[in-house]
Structures are given as structure tokens and as C-alpha cells.
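1. Kindly generate the corresponding structure for this input.
(one chain, ligands or ions: 1)
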Amino acid sequence: MAHVCASGTGRTTFVNTLCDSNVLSKKICDNPEEAHNEEGITIKPVSVELDEDGVRISLTIVDTPGFGDNIDNEKCFQEIVGYLETQYDDILAEESRIKRNPRFRDNRVHALLYFISPTGHALREIDIELMRRLSPRVNVIPVVGRADSLTPQELKDFKRRIMEDIEHYNIRIYNFPYDVEEDDEDTIEENSELRALLPFSIIGSDEEITVNGRAVRGRQYPWGAVEVDNPQHSDFARLRSALLSSHLQDLKEITHDFLYENYRTEKLSRTVNGGDQDDASLDADDMAGQSVRLKEEHLRKEEEKLREIELKVQREIQEKRAELMNKEEALRSLEARLSQAQLTDA
Ligand SMILES: Nc1nc2c(ncn2[C@@H]2O[C@H](COP(=O)(O)OP(=O)(O)OP(=O)(O)O)[C@@H](O)[C@H]2O)c(=O)[nH]1
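-> Take a look at the predicted model:
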């Protein structure tokens, strides 16, 4: 799973809330002179073991801090897409290997949570562009971070505008797909409910607070408390169970059957058509070259065998011809001796 967003949208707190531990450390920047340095982004995979309803889940979180903080974000785009594609290249190389590596780890990213700042306006140009460019490579799930910054009505309107933009710009996010003809009623109901929640509103907190005598994860304000796991306050619990349990398999299948397959087809057809010559990492190239070399070798050996047979036959013909000539010679001398004998008798 990956998270992408600008700084300060609550990404770090969300990851720690999701994992119920301090997986990511918060960035504290107290030096104003360094606060706006162009840093680029650092992609940091972190692995955690989680327990979801008694099932152990090994989750790798790929954090991309700093995205959108720079004036030129092109480098960030490239880095994120590059990371996603490198994981696909690794699978492609592994699939082409004659002998598989039993310790090979599939590091493909199955879901990318795109954190949208709770501005209350609409999507920013950079959000539209990044989501559009990432969606052919990964299941993009848009989320609104720090959702308690907006009133319920503001949040509702903000969500609606975001989804209108996503549709308008034809961004292919992961929208809990279902097929009314093929899927069962429960799946259709569950998926349409989750789709209606998009983008998920997120509230994160590292703290436990007491609400009506219960200890809950939440944020305490002078005017009240917001609870992370309360569906009236945030979509956190629905998103967590979709990601870690109900839709994990679907996310994996779409990644393998659709996103990776498309990437693979694009990459191989680019290679066949002579493009993308610079990519020496693709083992499929080596495989194709190797198979041509093997065929050439096989043909060469066949030709050698034929030549040997031809030489042998030629040798045998020559021997037979010499034998025949010898016999003719013997016959001729016998005839000569015979006619000499007849002459003597006469
Ligand atoms: N109101 C509110 N504040 C939040 C929430 N989640 C995090 N925060 C606060 O927002 C600030 C930034 O949170 P982080 O989790 O560090 O955000 P980030 O996106 O990881 O930011 P960087 O580490 O700078 O990239 C912190 O002061 C958090 O306590 C939330 O759900 N609601």
C-alpha cells in the first residue's frame, strides 16, 4: 500500500492509527530557513505485521513524504511511477526466469491512498494530474485527510465536488467495482455502499481519549471529541476493513490481472517494436535473444550432420566406382586372356 500527498494532511498519523503503533515518525521542522528547501521525495517502504480479526497480515507501507511541496513536481511524479514500475519489472524478470527464485518477494503496490487536503474547495490541478497519471499503474483510492477540519455539510459538498472532478477528468480510481449481472447481492450492496463513501474521510489520532467512560482513539477539543472508529465521525473503520480484509483480494487481483498485465503488454510490445532500447534490465529481451541463439545453434548442428552424410555417401560412391573399374579391368584382362587362348588353340 502506498500513500501520496502533500505535507501536513495527516498521512503519518493515519498510518500510525491504521497500524496502532508508531510505524512512521512525524516530521518536525522547526527551522523556518530549511522549511521550504526543495527536497524531492523519499520513497520509504516499511513492513508491519497486523492482526485483523485474528488473521495475521503482513503489510508493507510505502510512504512518499513531501510530494507536492516542491515548485517542480515532475521529478516526484517520475519517482513514484518509477517505483511502481520497478516492482512490475521485478515480477516480469522473475516470470521469465527458467529457474524460479523460491525466496522472491512480490513487492507490487496493491493500493495507493491519495490524501487530499481538506480545503473545502475542489481538487487542485496537481491532484488531478497525479491521480490521472498514477491510476493506470495502481489502484488509486482518494481520501480526505484531517476530515474533522470540515463541518459535516462542508465535507459532504467537498466529497461531491471531488467525485465530480474525478468523473469529469476521467480518472480511473479504484471505485469498488461490481457487475450487476455477475456478482451476488451482498457484494453489489457492500461495494455500492463503499463507492458512495468515496473519497473516504479520514481522522487520525495517536491518542486515546475517554468518551462516556470508554477509552477510544480520538481527538479531544475544548468543544468536544472526534472518534477515529466512529462511522458518524469518519470513514476510517470502513476503509481499514476494506483495505485489510474485505477488498484485499480484489485489490490484489486487479493489480495482477489488469494493471500489471497492461504494463507487461505495453512493455513487451515496446520492446518488440524496437522502442525502449535502453532498458537492459528486462530479462524477456535476454530470453528472446537466447531462444534465437539456441535455434541458430540447432540449425548449424543439423547442417553439419547433413554435410557428414553427404561426404560419406560420396566416399562410398567413389569406392564402388573404383571397385567397378577394378572389376571391369579384371574382366577385360580375362577376355583378353581368353581370346589369346582361343587363338593359340586354333
Ligand atoms: N484535525 C486533525 N489534525 C490531524 C489529523 N491527523 C493528523 N493531524 C495533525 O496534523 C499535523 C500533521 O500531521 P501528520 O500526520 O504529521 O501529517 P503528514 O501529512 O504526515 O505531514 P508530514 O510529516 O509533514 O509530511 C499534526 O499536527 C497532526 O497532529 C486529523 O485527523 N485531524
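2. The ligand contacts on the stretch 151-300 of the chain?
-> I203, G204, R219 (CB under 6 Å from any ligand atom). Where C-beta positions appear, they are placed from N, C-alpha and C, glycine not excepted.
3. Let me see the ranges of the helices in this protein.
-> With DSSP state H, the ranges of helices along the chain come out as 11-19, 74-96, 125-134, 152-168, 185-197, 236-241, 248-254, 261-272, 283-345.
4. and these, which is most packed in?
-> Of all the helices of the chain, helix 11-19 has the most neighbours on average by mean count of other CB atoms under 10 Å, namely a mean of 22.
5. any idea how far it is from the chain center?
-> Centroid separation for helix 11-19 versus its chain: 23 Å, with CA atoms, centre = their mean, to the nearest Å.
6. packing partners for it?
-> Counting by 3 or more CB pairs under 8 Å, 6 or more residues apart in numbering; DSSP states H and E, the packing neighbours recorded for helix 11-19 are strand 2-4, strand 55-64, strand 112-116, helix 236-241.
7. Make JSON lines out of the ones you listed and add distance to R332 and mean pLDDT.
-> Formatted as JSON lines, the helices and strands packed on helix 11-19 follow (distance: least, CB to CB, whole Å; pLDDT from 0 to 100):
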{"stretch": "strand 2-4", "distance to R332": "97", "mean pLDDT": "60"}
{"stretch": "strand 55-64", "distance to R332": "95", "mean pLDDT": "83"}
{"stretch": "strand 112-116", "distance to R332": "98", "mean pLDDT": "92"}
{"stretch": "helix 236-241", "distance to R332": "107", "mean pLDDT": "93"}
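8. For these, please prepare CSV with the additional fields distance to I98.
-> Below are the helices and strands packed on helix 11-19 laid out as CSV (distance: least, CB to CB, whole Å):
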stretch, distance to I98
strand 2-4, 32
strand 55-64, 28
strand 112-116, 33
helix 236-241, 41
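9. so what are the domain limits for this structure?
-> Following automatic domain parsing, the chain resolves into domains at 2-281, 284-346.
10. can you pull the contacts of G204?
-> Each residue near G204 by CB atoms under 8 Å, 6 or more residues apart in numbering is listed here: G10, T13, F14, N16, T17, G145, R146, V228, F236.
11. for S246, that is, sorry about that
-> E190.
12. Residue of the stretch 51-200 of the chain closest to the ligand, please.
-> Closest residue of the stretch 51-200 of the chain to the ligand, CB to the nearest ligand atom: R146 (3.8 Å).
13. Let me know how buried that residue is, in neighbour terms.
-> Using other CB atoms under 10 Å, R146 has 20 other residues around it.
14. Go ahead and confirm it touches I203.
-> Yes: the pair R146 / I203 is scored as a contact, 7.3 Å apart, by CB atoms under 8 Å.
15. Pull up the overlap in contacts between those two.
-> With CB under 8 Å, 6+ apart, R146 and I203 have common neighbours G10.
16. Let's see the pLDDT reported for E190.
-> E190 is assigned a predicted lDDT (pLDDT) of 94.
17. Quick check: the gap between it and L197.
-> Distance of E190 to L197, given as CB to CB, to the nearest Å: 11 Å.
18. Wait, D51 touches I57, no?
-> Yes: in this structure, D51 is within contact of I57 by CB under 8 Å, at 7.5 Å.
19. Please say which of the two ends up with more neighbours.
-> Neighbour count, other CB under 10 Å: between D51 and I57, I57 has more, with 14 against 10.
20. Now do the same contact list for the nearest residue to that one once chain neighbours are set aside.
-> Leaving out its chain neighbours, the residue that sits closest to I57 by CB to CB, 6 or more residues apart in numbering is L50, at 4.6 Å. Residues in contact with L50 (CB under 8 Å, 6+ apart) are C19, D20, R56, I57, S58, L59, L244.
21. try E74
-> Contacts of E74 by CB under 8 Å, 6+ apart: none found.
22. how near is it to R133?
-> 10 Å.
23. what bits of the stretch 151-300 of the chain have low per-residue confidence?
-> 272-298 (pLDDT under 70).
24. Give me the neighbour count for I98.
-> Look at I98: counted by other CB under 10 Å, it has 7 neighbours.
25. what phi and what psi does the backbone show at it?
-> phi -70, psi -50 (degrees, to the nearest 10).
26. and it, what pLDDT?
-> Per-residue pLDDT puts I98 at 79.
27. same thing with D127?
-> Note on D127: pLDDT of 89.
28. where's the nearest residue to it once chain neighbours are set aside relative to P199, distance?
-> Closest residue to D127 apart from its sequence neighbours, by CB to CB, 6+ apart: I116 at 6.0 Å. Distance of I116 to P199, computed by CB to CB: 6 Å.
29. List the residues that are in contact with both of the two.
-> P142, V143, V144, I162.
30. Strands - which of the residues you listed land there?
-> Cross-referencing those against strands under DSSP state E gives P142, V143, V144.
31. which of those has the most neighbours?
-> Going by other CB under 10 Å, V144 tops those with 28 neighbours.
32. Next up, the contacts around that residue.
-> Neighbours of V144 in contact, by CB under 8 Å, 6+ apart: F115, I116, P118, L150, L155, F158, K159, I162, P199, F200, S201, I202.
33. could you redo the last one with a cut-off of 7 Å?
-> Each residue near V144 by CB atoms under 7 Å, 6 or more residues apart in numbering is listed here: I116, P118, F158, P199, S201, I202.
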